[in-house]
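Visitor: sharing a sequence plus its predicted fold:
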Amino acid sequence: MNEKAKELNMKNTHFVTPNGLDDENHYSSAYDMAILANYALNNDIFKKIVGTKSIQVTWKDSYKTITNTNELLGIYPGVYGVKTGFTFGAGRCLISACKQTELDIIVVVLGANTKKERTLDSINLLNYVNTNYKLVDLVQIVNNSFKDYENYFSKNVSAESLIEMPKLKLEEKYISVYPIKKEEISRLETKIFTILNFKETLEENTKIGVLKVYEKEKLIVEYNILLANKLVKKDFSYYFFDILKNYISYFYKI
């Protein structure tokens, strides 16, 4: 369990027992529990179980109904999990996963004094996120910014000693959307830095710059900007054949 926690970058977590009972060396945080819940929800069987409000099972030739202790299932729109919990040390705990629109939210409440308190805290957090946040399309922002920069680059690049002018491309990276407060969307900023002066031979896919997207001063995502073509420096043979080509062209004109 601790190896998996380390793999998931759960920095404030250490497990002692698999049942979660109180121990001074058994601890976690709300953020780490959100990381774990997000990972677990990628398992379809787990996701189905935690999203089931109740189920009827056969027990010793009779039927028994098992009911999920997650009080938000079937009550708060979009909630599909995840887990309740209680120990005297941890208090009343609830991890909630909710998707109403494009936002897929995980809310973690730990240490509540009562079940009612953890329920209200969870609902307030879900309401706040659903009301104030939305997803922005980072792909569109990045592509539009990069396209504008390509125009700037083509007008300002210096590569007279090279056979071909350099062409740019972005590294492939799977980042499509980003949650942000609605009033902060207009403050997203893109910054691009590249080499503009090329003199030497460079291989295709050489990193020559970066594209960064910021929310205020917080870096959201960074893309490497790469060469889309190989750059070859002009040598004696290039100049020789260039002169020869011009001479032949002049000869035929005569």
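Guide: Now that the structure is in, tell me what you want to look at. Bear in mind the structure is a predicted one, so any value in this text is a computation, not a measurement.

Visitor: show me what contacts the closest residue to residue 133 other than its chain neighbours?
Guide: Among residues not flanking residue 133 along the chain, residue 179 sits closest, at 5.2 Å (C-beta to C-beta, 6 or more residues apart in numbering). In short, each C-beta sits where N, CA and C put it, glycine included. If a contact means C-beta atoms under 8 Å, 6 or more residues apart in numbering, then residue 179 has 103, 133, 134, 135 as its contacts.

Visitor: A strand includes residue 179, no?
Guide: Yes. According to DSSP: H, G, I helix; E, B strand; the rest coil, residue 179 belongs to a strand.

Visitor: show me what it bridges to in the sheet.
Guide: Beta-bridge pairing of residue 179 under DSSP bridges involves residue 135.

Visitor: if we can go back for a sec, would you turn the contacts of residue 179 into CSV with neighbour count?
Guide: Shown next, in CSV, are the contacts of residue 179 (neighbours: other C-beta atoms under 10 Å):
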residue, neighbour count
103, 16
133, 15
134, 16
135, 14
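
Visitor: just flag the most distant two among these.
Guide: For these, the maximum inter-member distance is 8.0 Å, found between 133 and 135 (C-beta to C-beta).

Visitor: list the residues that are in contact with both of those two.
Guide: Joint contacts of residue 133 and residue 135 (C-beta under 8 Å, 6+ apart) are 103, 179, 180.

Visitor: just put the residues you listed in JSON lines and tack on distance to residue 6 and pLDDT.
Guide: Shown next, in JSON lines, are those (distance: C-beta to C-beta, whole Å; pLDDT from 0 to 100):
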{"residue": "103", "distance to residue 6": "29", "pLDDT": "89"}
{"residue": "179", "distance to residue 6": "26", "pLDDT": "89"}
{"residue": "180", "distance to residue 6": "30", "pLDDT": "89"}
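
Visitor: and which of those is nearest residue 158?
Guide: If you rank those by distance to residue 158 using C-beta to C-beta, residue 180 comes first, at 37.7 Å.

Visitor: what sits against the closest residue to the closest one other than its chain neighbours?
Guide: The spatial neighbour of residue 180 that comes closest, neighbours along the chain excluded (C-beta to C-beta, 6+ apart), is residue 136 at 5.6 Å. The neighbourhood of residue 136, defined by C-beta under 8 Å, 6+ apart, consists of 177, 178, 180, 185, 188.

Visitor: in stretch 160-175, which residues are buried?
Guide: Of the residues in stretch 160-175, those scored as buried under the neighbour-count criterion (16 or more other C-beta atoms under 10 Å) are 162, 166, 168.

Visitor: for those, which one is nearest residue 120?
Guide: Closest approach to residue 120 among the buried residues of stretch 160-175 (C-beta to C-beta): residue 168, at 52.2 Å.

Visitor: so the closest one makes contact with residue 227?
Guide: Yes. Counting by C-beta atoms under 8 Å, a contact exists between residue 168 and residue 227, whose distance comes to 7.2 Å.

Visitor: thank you, goodbye.
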